[in-house]
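J.: Have a look; sequence and predicted model below, questions after that.
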Amino acid sequence: MAAPDHLFNLRNNFYLGAYQAAINSSDGSNLSPDDVVERDSLVHRCYIALGQLQFVISEIDQNAPTPLQAVKLLALYFSGASQKESAISSLKEWLADPAIGNNPTLRLIAGTIFLHEQDFNEALKYTNAGGTMELHALNVQIFIKMHRSDYAERQLRMMQQIDEDHTLTQLANAWLDLAVGGSKIQEAHLIFQDLSERYQSTSLLLNGKAVCCMHMGNFDEAETLLVEALNKASFS
């Protein structure tokens, strides 16, 4: 019998962009030491998504585990041009360290930062080996940015083999459908709608539906969805 996943709600809310709900669901009991590190990493990534960068930087000290240090680097990277180069420099130093360089969270943060830098090949150096659903999902995003929907589809197939119903698998499927376009737009819209009904409607899902509507020429509906997304973003 599989052990209960104490972090499911936290993780799932984070993937869906329900950042405040994720933070609110982070008080789990019976957590293993690894679960505690994952929980704290996810909570701090939620604060980053909410724009509370200085809070994250001040909360994570130099003795924190590698995943948390990596999250702190992400906060530093987003906190302004003056911090960006130093964050990238530290990141490269850590990635070259055999003791911690293969840490999945560090590789995920590296992929995220290099994706923002538009340095796709550098991002893939750290993400392409996969290892977690988040890394596979990030690979899908990188390949879409590179206009390589064939490679993105290969990553999606791997995710579907691991867990077809996983929220990240569903989201990656919708992203790829949007990138391919044509008749796939309707399928992407259905995925965003299904996730909204199954869990909750978030700015991320509303934006996804709005993009689908624009592709289908439903601009009035897209505008309504975007206004709703803006209103929700204020409280996420």
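T.: Now that the structure is in, tell me what you want to look at.
J.: give the contact list for I191.
T.: If you count contacts by CB atoms under 8 Å, 6 or more residues apart in numbering, I191 has them with Q170, L171, N173, A174, D177. Where you see a C-beta, it was placed from the backbone N, CA and C, and this is true even at glycine.
J.: Next one: F120 from I144, what distance?
T.: 10 Å (CB to CB, to the nearest Å).
J.: and what of Q170?
T.: 16 Å.
J.: Centre of the chain to the helix or strand containing L226, how far?
T.: L226 belongs to helix 219-233 when assigned by DSSP states H and E. Mean-position distance between helix 219-233 and its chain equals 22 Å (CA atoms, centre = their mean, to the nearest Å).
J.: which other helices and strands contact that helix?
T.: Applying 3 or more CB pairs under 8 Å, 6 or more residues apart in numbering; DSSP states H and E, one finds that helix 219-233 makes contact with helix 203-215.
J.: so how far is the helix it packs on off the chain centroid?
T.: Here helix 203-215 is found 17 Å from its chain centre; the criterion is CA atoms, centre = their mean.
J.: Over to stretch 164-178?
T.: Distance, centroid of stretch 164-178 to centroid of chain: 12 Å (CA atoms, centre = their mean).
J.: What of stretch 110-118?
T.: With CA atoms, centre = their mean, you get 12 Å for stretch 110-118.
J.: Kindly export it (C-alpha atoms) in PDB.
T.: Taking C-alpha atoms only, stretch 110-118 is exported to PDB below (Å, rounded to 0.1, in the frame of the first residue of the first chain):
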ATOM      1  CA  ALA A 110      18.800  26.300 -13.000                       C
ATOM      2  CA  GLY A 111      16.400  25.400 -15.800                       C
ATOM      3  CA  THR A 112      13.900  28.100 -14.700                       C
ATOM      4  CA  ILE A 113      16.600  30.800 -14.600                       C
ATOM      5  CA  PHE A 114      18.200  29.900 -17.900                       C
ATOM      6  CA  LEU A 115      14.800  29.700 -19.500                       C
ATOM      7  CA  HIS A 116      14.200  33.300 -18.400                       C
ATOM      8  CA  GLU A 117      17.600  34.200 -19.800                       C
ATOM      9  CA  GLN A 118      16.500  32.700 -23.100                       C
END
